[in-house]
Structures are given as C-alpha cells and as structure tokens.
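Colleague: Okay, structure incoming, though there's no sequence with it:
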C-alpha cells in the first residue's frame, strides 16, 4: 500500500475497514470442505478436529491474522458448522478419554461463537485492542525485521513484510472504528502502548524493522533489484507503523477515556458499550468455570480476608521470638539505606500487618542486599551471566537445597518422574524484563537481580510452583506419560486456568506434604518437623544470612511466602473484577494490594497496569486452583481408603490442558470408574 494516505478522519478509516477488508468476505466459508462422515465415533470426532483446523487455515492463511468484524463473522460460521458436526456424534459411545477431547473442542467452539455474537465482534479476537502488556505491534515487527539465513528465505519473507504492512493498516482502521463507536482504550493504557511501541519498534529509526534489510546489503551475491524491492517493502512497513503511532499519539489519545491519571475511574471494559457482557465473556474464556463477575469479586475478597488471618498467625511467631518491636536495615524510595524500627504488635496485642509486611521487605530478606558476599560455590560458573554474581550464587545455593530436601517428599505423591530440571539464572540483559521466574524446557529460570527477585522467604513456594511438582511435572508428564492417540488439535490447546491452577495447587500441596511442618486439626502447619528446607539441625546463625532464630521461624516465614503468593491470586479475583466490573482506578487497585499483602512496590505497579490491560486473565489462576481442590475433596470423600495421591494426580496431568469444567467432568467419570 505504498503511498496510501491514512491521515483521514476516524469515520473515513472506519468506512474503509468495512468496504476494503484485505480480501475477506463471508463467501469464504462456502468453499470449505465438509467433514467426512464415518460411523466410528472416535474416528469421526478426530476427523471433525482435523477438518476444522484445515478450514480455519483456508479461511485465513495470513501471517498475522485478519482482525475485523467480517472475519469474526466468517470464523463464527466455521465454528458453528463444526460444532454441529461434533454434536452429531454420539458422545455416549466414546471412551472417557475421548469425552475429554470432545468436551474440550465443544467448549472452544461455544466460547468462540458467543464472542462473535456480541456487538463489535472483532473484540472476540485476543489481540484487539492491543495494549502494552501484549504488544503485538512490537512482537510482529521483531519477526518481520529479523535476519534470514539465505536469499531464498528472504524471497519468501518479503511477503511476510507486506502482510505486516496490511496488518498495521488494518489495525489503524480498527482503532479508528473503535473511536467512532466509543470503544477506545483509556488514556492511562494508550500512553503505555505508545511508549512501549516507540521505545521498541520506532527506536533508532525503526532498526527492528530494518535488520534483515541491512543484512541483505552485506551480501554481495544478492541481486540489487531484489534489494530495491525488499527496501520498498520495508519502507512501506515503516510508513504504516509511523502513521499508526502518530494517530495513537494524536487523535486517538485525545478521544481516549479519562485524563491519563492513576485516579481515573471507569477505565475497565465494563464501562464500554456492551462492556459488562464483553467482560463476562472474557471471564468465562479465562476462568473456564462460568462464574459471574460479582461472584468472583466476592470470592476474592473473602479469600483475601482469610489469608490475612493466617498472616497474623505468622506475625505472632515472630513477636513471640523477637518481641513486639524489631529493627532492620531499610532502603527508602530514594535508595538510601538506614536503620528502621518496626512495631509488629501494639499494646493491646493487635498485629500491625502493614509494619510486618514492611519488615519482611527489609534489606536482610533479599539476596545481594543483605551485606553478604557469597563466592566459590558450585554455582559460580552458572552465575557468570547474572548481574550480581554473589546474589546469584546465594540464591542458587538455597533453591538447590530446597530442591534436594523436597525431592523425596514430592515423589511419594506422584508416579515416578525421570525427567530432571535445572535452575538457571536469567542473564543480566533480561533481568529487568522477564519477571521473577519462569519455567520452560526442563529449566527453572530464576531472576537473581537484587532489585527484581523475590524475597528469601519465597524459595519454597516459588520452586514448588515453577518446578516440582508444578510446571515441571506438567511438562514431564507430557514426555513420560503421553496418551497413546492424542489428537493434534488437543495438543495445541492451552488454558491458563488449568496450567496455573495446577501450579497454585502444588503450592497448597506443600502444606499437605509437611513442607512447613506437621498439620494441626484444621490442616494448618504447626511449623514443627518440617519436611522442607527448615530442619531442626540447621545452623540458623548462618543459613540465609541468619534471618531466622530457629526452625519454627524458618518454617513460619517460608509458609508466609506461600500465603503471600496465594494472596496475590486472591487479590487478582477482587482487583480484576474491581477494575472491569466495579469501576476501580489503578490507584484503588494499588491501595488494595498494598493493604492486603507484602508485595513490593514494583510488583504492585506492574500488576495494576497488567489487570487493566489483560482483561479477565488474572482470575484464571485461582479459578483453576479452586476447581482442582474441589475435585480433590470430592475424590477423597467418595473413595475413602481407596484414595491414592499418585492416581489422582495422574488423572489430572496425563491429558494436558483442559477447560476447568471439563476437568470436573473428567474427574467425576474417573470416580465412577473406581467403584
């Protein structure tokens, strides 16, 4: 679209989007081959799956996807067609395993059809509207501009560059249409989107889009005519992106909701036309449980209150051991470190959680900020990539200790897992951007930067969540215990509620495994005889820099790490629904999180913007956990003495990601098979 003039009114752009949609029209669905009929139900189901995938590829084969109302309508037609084909199959004749696959595909089609039935149907696409949190402009530009291996690759890739230009122009049109329909982003998010895009895509004269072009120029054997053609394509991409950024900074920003203040209210989806219906759809898509927004909000606030009571119990352990007033090095918001006094309990015996949270964020609880120099450990080589080698070695020493201490305990609850994992420090150039931790390909990636890592009292919880038996066991099961004939469609599904719900469940499982001590009659840890890292025979004058007086304190604070992480997910239920259903501001969300947890200011800042931008996703974590925990309680009640932990976990893990309503059906069918 070289030379096209996109500097038009939003109405003109919106009309352009309706009348010139990159070759997309409803007639596309008429040429899709119908699923072939077969009398075998399992074979017929798999045929529906594979034909559906082919149909969607036929409908839109572009590199970045076509996003507009008409494409959403066409996709809906395909979804309805293949849902009808699926439902013509006799589900009762399928095995329990195949019922899981059947129900998963049915859930996907129903949620997609609902989204495309609402007004402004293009918003049923995950990528609209783009925000700073999932900035597809940045990610797609990085893919488009990347170097290729050889001339033949560049000759194919030039089409990708052209498709990016069309995608950006269409994105401009969609934002313009949103302005006409009053469905635009709030200023507080638009500003972050613009900044994120300018700092990544537009930086250094759009270098990210020109890397491949610069590489072509270094190859004397490449044809000059092709270089000119490639340069023209890249130039069009740069022009289109420049026009989009200019529009977002100008007319779109002016029309965006609010003043750009942290106190702006009604910045959520609930404030948009049809916003409450759209928000409920987002909740259903992410939680996969069907719970309404206000129910999730009340649930979150109730869970937050319960967790605070347990936090007070932990604080009383410290008061018993140290007294009502403690002193520690504290770093203020200007980076100045000085002694600070924390009053944990008043004269009437009331715990001051705000002071307790602050104390747990004092310097001694962070690797690299505690005054220690750690060197010469077995982790020295691995830590060379970290920004602070001493902090890295100290952290890896503790995380590997917990891994080794917990391995034998974890093994009693699962089928044998042969696949091991390693703990890998995030390299220095990624520490500021990659979060506190992640898991992938048998590696637990740990941020050891003193300013961007979690506190020492989070070691147990973080490792349980990310590694064993959390995400690592999900991955290991897919390698070691895969179903014999899992359909390709099912291999490609992903549900945050399932994946993160499992990881939260394994945090809770740490209590059951006695990681923090034997349990009392109410299922709460006593902090005595823990099976985790806090053993009675440790030298607590040196362990983790001497931050605990004894095993009881060590277990209590490691347990607090579990509570604080659980509280984060409790608060997500309340804050996500608060912003998008109740009209909370960013500042209200921050105040709520600060009052109810020991999260650091950096976490609270990034989390608050995340919930505003990544609509409904935050509720998935706790939603998934609650379903798994409910199913555990049901299985234990119905099977009694026949209950086996390893069997239950096998049933949960071996089929991979599922919607949580499908998990419920799967476990209930499994219970019936045990009688």
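Modeller: Yep, that arrived. Because the structure is predicted, anything quoted here is derived from the model rather than measured. Numbers count the residues shown, from 1 in each chain.
Colleague: From here on, just use CA atoms for contacts and neighbour counts.
Modeller: Will do.
Colleague: Can you tell me which helices and strands the one helix or strand residue 176 maps to packs against?
Modeller: When elements are defined using DSSP states H and E, residue 176 is found to belong to helix 151-180. Taking 3 or more C-alpha pairs under 8 Å, 6 or more residues apart in numbering; DSSP states H and E as contact, the helices and strands that helix 151-180 lies on are helix 10-19, helix 136-145, helix 224-247.
Colleague: Not counting its own residues, what contacts whichever helix or strand comes after it?
Modeller: Beyond helix 151-180 in the direction of the C-terminus, DSSP H and E gives the next helix or strand as helix 187-197. The contact list for helix 187-197, computed with C-alpha atoms under 8 Å, 6 or more residues apart in numbering, reads 130-132, 135, 137-138, 245, 248-249, 253, 256-262, 609, 612-613.
Colleague: what distance separates helix 187-197 from the middle of the whole chain?
Modeller: In this view, helix 187-197 has its centroid 20 Å away from the chain centroid, taken as C-alpha atoms, centre = their mean, to the nearest Å.
Colleague: average pLDDT across the very next helix or strand once past that helix?
Modeller: For helix 187-197, the following helix or strand on the C-terminal side (DSSP H and E) is helix 203-217. Helix 203-217 shows an average pLDDT of 96 in the prediction.
Colleague: tilt between helix 203-217 and helix 224-247?
Modeller: Direction vectors for helix 203-217 and helix 224-247, defined by axes from the mean of the first three to the mean of the last three C-alpha atoms, to 10 degrees, enclose an angle of 170 degrees.
Colleague: Now the buried members of the contacts of helix 187-197.
Modeller: With neighbours counted using 16 or more other C-alpha atoms under 10 Å, the contacts of helix 187-197 contain these buried positions: 130-132, 135, 137-138, 245, 248-249, 253, 256-258, 260, 262, 609, 612-613.
Colleague: From the residues you listed, which land in helices?
Modeller: Judged by DSSP state H, the subset of the buried ones among the contacts of helix 187-197 located in helices is 137-138, 245, 253, 609, 612-613.
Colleague: any residues touching stretch 530-545, and which ones?
Modeller: By C-alpha under 8 Å, 6+ apart, stretch 530-545 touches 364, 370, 372, 394, 398, 401-402, 405-406, 409, 456, 460, 513-518, 529, 546-551, 554-555.
Colleague: In that stretch, which residues are buried?
Modeller: Under the neighbour-count criterion of 16+ other C-alpha under 10 Å, stretch 530-545 has 530-535, 540, 544-545 buried.
Colleague: just stretch 474-492 next, same as before
Modeller: By neighbour count with 16+ other C-alpha under 10 Å, stretch 474-492 contains the buried residues 474-477, 487, 489-490.
Colleague: Let me see the mean pLDDT of that stretch.
Modeller: For stretch 474-492, the mean pLDDT works out to 93.
Colleague: Span of that stretch from start to end?
Modeller: Chord length of stretch 474-492, first to last residue, is 15 Å (C-alpha to C-alpha, to the nearest Å).
Colleague: let's have the chain start at 27 instead
Modeller: Happy to do that; since the first residue is 27 now, the last one works out to stretch 500-518.
Colleague: who's in contact with residue 140?
Modeller: With contact taken as C-alpha under 8 Å, 6+ apart, residue 140 is in contact with residue 307.
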